[in-house]
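Colleague: whatever this is, show me its structure:
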Amino acid sequence: MRLITSILLILLLRGMTLAVPFLGELSVSGSAIGTKNDEMVMITRYLPAIEYQSSLSPSWDYDLEVRYQIQWGGQLDTLGSVGMITEPYRVALNLQSINSEYIIGLQKINFGPARLLRSLMWFDSVNPTDPLQLTSGVTGISAKFYYEFGWSSQAWLLLPADPIGWEGFPDKDGTFETGGRISVPNDLGQLGISTHWRIADASSFSPDDPDLYEGRIGLDGFWDMGIGLWFESVYKNQQFTDSQFLQQLQSTVGADYTFWVGNGILLTTEHMLINIWDSPVVEDTNRLISTIMTSYSPSMFDQFSLMLFMDWETETPLAYLSWGQTYDSFRFTLGAFYTDTASQQESNTGFSSDFSGKGIQLTVAYNH
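Modeller: The predicted structure follows:
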């Protein structure tokens, strides 16, 4: 990583000497479930960024992206004692040729056709109710290869990190995560197969046998037949050195269709089934989560959307209604939410948010 950091710094300094434009996004987000200070939350974020593009040779180009995150905020009654969070958000070098691409550094990796309930949410934690779509990244090297017959492949080697996506335990120090993906197009869409392997640190759960070996394999597909149809299915096996921890099958099916009323009303629905079995520490589980989303844009500046989620096991509903306006540099999003606080703590659905009860959320973002 020292070599990678040195290369990035050299390219960044070169970009700064060539008057690379300074970019960034400043956002203020507030939510309230009541009028008291401990019922209101305000978060201020600034993501300064430098992006630079150039050529290494006639057949190779590179992009350099450096983004930092500065965050401050919390409940209004404790803002005076809240510290500021400063950390890298993206620091990545992207090398590109005609049929390949290599990304080195802190980056975002995501794939799969699902939009709201994503079984293939392996390397990000994007919340569908977050208007800014922020997520932490992963650090390592990823590579993509494109072939003349339309196939593509991807491989990655990642440094150990904290849990992300659906992970429950951090990586073991001194190990690497590794995996790959193949995408195959068809006449109406594409199919994909993905694999991943890592060693997790489960010492907080099993101090005597902390190494948790985890393997995943995922299948996904998308077809556009007037109605969009897709699926994602992931099998995950976790085991300690001498015993099984769990086996899990997590599957999502989804569809969308545009009703041509006015500018078009997009209706999207997804259903996720989570099966867990063969574990001495977790009871066999069959959990079904459903969501439906409708969105409409009355003009090029406005968009209305309504998301409804339901965890059928705990009977936990979540509704999120939003209205967004986008201009050249500003983006405004006003949202209203409702969830059942009586059963919220019992639900672990994957569409987690900071919402509890019923309230409103306002997000203002400025890009320069």
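
Colleague: and the residue nearest to D38 when sequence neighbours are not counted, backbone torsions?
Modeller: The shortest distance from D38 to any non-neighbouring residue, by Cβ to Cβ, 6 or more residues apart in numbering, is to D77 (4.6 Å). C-beta: built from backbone N, CA, C; applies to glycine. Backbone geometry at D77, expressed as degrees, to the nearest 10, gives phi -80, psi -10.

Colleague: contacting residues around D77?
Modeller: Under the criterion of Cβ atoms under 8 Å, 6 or more residues apart in numbering, the contact list for D77 reads 36-38.

Colleague: flag the shaky bits of the stretch 201-350 of the chain, pLDDT-wise.
Modeller: 341-350 (pLDDT under 70).

Colleague: what about 50?
Modeller: 344-350 (pLDDT under 50).

Colleague: show me where it has its helices.
Modeller: Assigned by DSSP state H, counting those that start in this stretch, the helices in the stretch 201-350 of the chain fall at 341-344.

Colleague: returning to that earlier point: for the residue nearest to D38, give its distance to G165.
Modeller: 32 Å (Cβ to Cβ, to the nearest Å).

Colleague: and W156, by the same measure?
Modeller: 14 Å.

Colleague: neighbour-wise, which of the two wins?
Modeller: W156 (22 against 17; other Cβ atoms under 10 Å).

Colleague: assign that one to helix, strand or coil.
Modeller: Recorded secondary structure, W156: strand (DSSP: H, G, I helix; E, B strand; the rest coil).

Colleague: my guess is it meets S142, correct?
Modeller: Yes - counting by Cβ atoms under 8 Å, S142 is a contact partner of W156 at 4.2 Å.

Colleague: who touches both of the two?
Modeller: With Cβ under 8 Å, 6+ apart, W156 and S142 have common neighbours I109.

Colleague: okay if I get the contacts of D77 as CSV plus pLDDT, secondary structure and neighbour count?
Modeller: Converted to CSV, the contacts of D77 look like this (pLDDT from 0 to 100; DSSP: H, G, I helix; E, B strand; the rest coil; neighbours: other Cβ atoms under 10 Å):
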residue, pLDDT, secondary structure, neighbour count
K36, 80, coil, 11
N37, 75, helix, 12
D38, 77, helix, 11
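
Colleague: name the nearest of those residues relative to Q238.
Modeller: Of all those, D38 has the smallest distance to Q238: 38.5 Å, by Cβ to Cβ.

Colleague: need the helices for the stretch 1-150 of the chain, in chain order.
Modeller: 2-17.

Colleague: residue boundaries of the strands in it?
Modeller: Ranges of strands within the stretch 1-150 of the chain are 22-32, 40-57, 60-75, 85-96, 100-107, 138-146, based on DSSP state E, counting those that start in this stretch.

Colleague: mind giving me the packing neighbours of the first one?
Modeller: The reference is to strand 22-32. On a contact count with 3 or more Cβ pairs under 8 Å, 6 or more residues apart in numbering; DSSP states H and E, strand 22-32 meets strand 40-57, strand 358-367.

Colleague: contact partners of the last one?
Modeller: Strand 358-367 is touched from outside by 23-34, 39, 131-132, 329-339, 355, with contacts defined as Cβ under 8 Å, 6+ apart.

Colleague: pull that strand out as CSV, backbone CA atoms only.
Modeller: C-alpha atoms of strand 358-367 as CSV (Å, rounded to 0.1, in the frame of the first residue of the first chain):
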residue,chain,number,x,y,z
LYS,A,358,-43.0,9.1,11.8
GLY,A,359,-41.4,12.3,10.8
ILE,A,360,-39.8,14.3,8.0
GLN,A,361,-36.4,14.6,6.4
LEU,A,362,-34.9,17.5,4.4
THR,A,363,-31.6,17.3,2.5
VAL,A,364,-30.0,20.1,0.6
ALA,A,365,-26.9,19.5,-1.5
TYR,A,366,-24.7,21.9,-3.3
ASN,A,367,-22.1,20.8,-5.9
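
Colleague: can you mark which positions in that strand are buried?
Modeller: 359, 361, 363, 365 (16 or more other Cβ atoms under 10 Å).

Colleague: list the residues that contact I164.
Modeller: I164 neighbours (Cβ under 8 Å, 6+ apart): 122-125, 136, 138.

Colleague: pull out the buried residues from those.
Modeller: 122-125, 136, 138.

Colleague: show me which of those is closest to A319.
Modeller: Closest to A319, out of all of the buried ones among the contacts of I164 and judged by Cβ to Cβ, is S125, at 21.4 Å.

Colleague: before we move on, back to that, and the helices and strands packed on strand 22-32, which one averages the lowest pLDDT?
Modeller: For the helices and strands packed on strand 22-32, the bottom mean pLDDT is recorded on strand 40-57, which sits at a mean of 90.

Colleague: how far off centre is that strand?
Modeller: The chain centroid and the centroid of strand 40-57 are separated by 17 Å under Cα atoms, centre = their mean, to the nearest Å.

Colleague: each with direction, which strands does it pair with?
Modeller: Strand 40-57 sits in its sheet next to strand 22-32 (antiparallel), strand 60-75 (antiparallel), going by DSSP bridges.

Colleague: how about JSON lines for those, with distance to S251 and mean pLDDT added?
Modeller: Output for the strands paired with strand 40-57, formatted as JSON lines (distance: least, Cβ to Cβ, whole Å; pLDDT from 0 to 100):
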{"stretch": "strand 22-32", "distance to S251": "32", "mean pLDDT": "91"}
{"stretch": "strand 60-75", "distance to S251": "33", "mean pLDDT": "90"}
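
Colleague: now for those strands, which one comes closest to L321?
Modeller: It's strand 22-32; of the strands paired with strand 40-57, that one is closest to L321 (Cβ to Cβ) at 13.6 Å.

Colleague: give the buried residues for the closest one.
Modeller: 25, 27, 29-32.
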